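In: Sharing a model that was predicted from the sequence below.
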Amino acid sequence: MWAGSSLAAVALAGFAMGFAWADSGTRADAARDLRVGDGRGGIAKRSVGNFASPSYVTHAPGVGHYLYVVELGGTVRVVHDGNVLGQPFIDIHNRVSTGGERGLLSIAFDPHYRRNHLLYVYYTNGGGNIEIDEFRARSNRNARERSRRRVIVIPHPNFANHNGGHLQFGPDGKLYAGTGDGGGAGDPRENAQNKGTLLGKLLRINPHKHGSRPYKSPRSNPYVGKKGENEIYARGLRNPFRFTFDRGRIAIGDVGQQRWEEVDYETRRSLRGANFGWDRYEGNHRFDYPGDNEAARARGYQKPIFEYEHAARNCPGACAITGGLVVWDRKLGSLRGRYLYADFYAGDLRSFVARRRHGRRDRALGVHVDHPSSFGRGPRGQIYVTSLDGPLYQLVRK
């Protein structure tokens, strides 16, 4: 989840914009440049509350005044008008395995939540495998736990790290999930490149029940009817712990191994069937690992638009990118139009201008959060940051 090679250090703690997919060129990018902030600061953090190892924060579409905070141990808490409610929204702690990088890692509300009251949770189950379940809410304050329906289980039996962890509905209405490569170091089973496994991938499904089937893989997925698993939309990822959609693009923060952390940035067209290179490449750099087959190196892989080297950041012991989101909150002027991210170990919030071929003007915000585990958006576009140490913060103008 958060570690480069392991998550032993985590033990010390115990969006999506609804725009249609579209491909835009450099001319549109240049026009957007005129509207982005300079990233130079003027932003502070304001405490919202304290939680038990919060791993994610989000809101439900069409529902104002509510935030949902995911706790690693298996509960989802509700914040209503700034007040943390006593009753959890969901409590599945008896189904969730923890330790290492395991736990309840994210939730995603159906785009039609106000009508169908459906939401989905991503967690590691009692066997250490990745599981995605569906729930139906009885109100904005409580989901029916008896409504739980298993959607998919992805075997992850060997290691406690690299579980991925993010669910998000795309602008096309499909559910996307980022899975880790299965753990260990150097992807010893070469899962990320293997089209016959769901590990190390970005998956895309319709999670609603279809007859006797618990979900459906869209026919437009690249391997439907071909060699490869139907659910796969892109491959070659190490640990895509957090990703976000933004105006026709997807930005994926992929945790590195020994030296490089990366952000991948693609259109729907370039994302479909993309190979991001792991474990043949770490960022833009060839990755050599014992037993690596030089002849099998990935060719034509999608290069990241942004990377940083561990040695260049003040990461105590390791670095691990916490992928972020593009800020459009008008109250956060210096961040407007910029991709906001952090490193789990360094803790300094940073931002850069994301473009199709490269990210530029990377700058520190001057705000520090210990062990940032996720960024999230509120119902009015507010920006929140969770710290695995407990706090939930909102970013505000100084």
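Out: Received, thanks.

In: And the helices in this protein, which stretches?
Out: Assigned by DSSP state H, the helices in the chain fall at 26-33, 113-116, 268-271.

In: per-stretch mean pLDDT over these, give me the minimum one.
Out: Of all these, the minimum mean pLDDT falls on helix 26-33 (a mean of 47).

In: Closest to the centroid, which residue in the chain?
Out: residue 242 (1.7 Å; Cα atoms, centre = their mean).

In: any idea of the pLDDT on the nearest residue to that one once chain neighbours are set aside?
Out: Leaving aside its sequence neighbours, residue 242 sits nearest to residue 323 (Cβ to Cβ, 6 or more residues apart in numbering; 3.4 Å). No exception for glycine: its C-beta is placed from N, CA and C like everyone else's. We note a pLDDT of 95 for residue 323 in this prediction.

In: Residue 323 contacts residue 250, correct?
Out: No. If you go by Cβ atoms under 8 Å, residue 323 and residue 250 don't touch, sitting 10.5 Å apart.

In: any residues in contact with both of these two?
Out: Listed as contacting both residue 323 and residue 250 by Cβ atoms under 8 Å, 6 or more residues apart in numbering are 243-244.

In: For the closest residue to residue 373 other than its chain neighbours, grab the count of nearby residues.
Out: Of all residues not flanking residue 373 in the chain, residue 388 sits nearest, at 4.4 Å (Cβ to Cβ, 6+ apart). The number of residues packed near residue 388 is 26, by other Cβ atoms under 10 Å.

In: now swap in the one 5 residues further on and tell me
Out: Number of residues near residue 393 (other Cβ under 10 Å) recorded here: 21.

In: Okay, it and residue 307: tell me how far apart.
Out: 26 Å (Cβ to Cβ, to the nearest Å).

In: try residue 278
Out: Remark: distance between residue 278 and residue 307 (Cβ to Cβ) = 13 Å.

In: what's the answer for residue 340, then?
Out: Counting by Cβ to Cβ - residue 340 and residue 307 are separated by 17 Å.

In: the more surrounded of those two?
Out: residue 340 (24 against 20).

In: Report the contact partners of residue 210.
Out: So residue 210 contacts residue 216 (Cβ under 8 Å, 6+ apart).

In: cutoff 10 Å now
Out: 216-217 (Cβ atoms under 10 Å, 6 or more residues apart in numbering).

In: Next, count neighbours for residue 343.
Out: 25.

In: so it touches residue 309, yeah?
Out: No. Here residue 343 does not reach residue 309: they are 11.6 Å apart, not a contact under Cβ atoms under 10 Å.

In: Give the residues shared as contacts by these two.
Out: Common neighbours of residue 343 and residue 309 (Cβ under 10 Å, 6+ apart) are 261, 319.

In: Could you check how far the spatially closest residue to residue 40 that is not a sequence neighbour is from residue 133?
Out: Using Cβ to Cβ, 6+ apart and skipping residues adjacent in sequence, the residue nearest residue 40 is residue 334, 5.6 Å away. As judged by Cβ to Cβ, residue 334 and residue 133 stand 39 Å apart.

In: Just want to know which of those two has more residues nearby.
Out: residue 133 (23 against 20).

In: From what I see, the more buried one and residue 120 are in contact.
Out: Yes. Counting by Cβ under 10 Å, residue 120 is a contact partner of residue 133 at 6.9 Å.

In: Need the residues touching each of the two.
Out: With Cβ under 10 Å, 6+ apart as the test, residue 133 and residue 120 both reach 107, 149, 151-152, 207.

In: mind checking pLDDT for residue 250?
Out: 97.

In: Hmm, it is touching residue 243, no?
Out: Yes. Using Cβ under 10 Å, residue 250 makes contact with residue 243 at a distance of 6.0 Å.

In: so what sits against both of the two?
Out: Shared contacts of residue 250 and residue 243, counting by Cβ under 10 Å, 6+ apart, come down to 16, 168, 176, 202, 264.

In: Next, count neighbours for the fourth one.
Out: The local packing of residue 202 (other Cβ under 10 Å) involves 26 other residues.

In: Give me the common contacts of residue 278 and residue 307.
Out: In contact with both residue 278 and residue 307: 254, 256, 262, using Cβ under 10 Å, 6+ apart.
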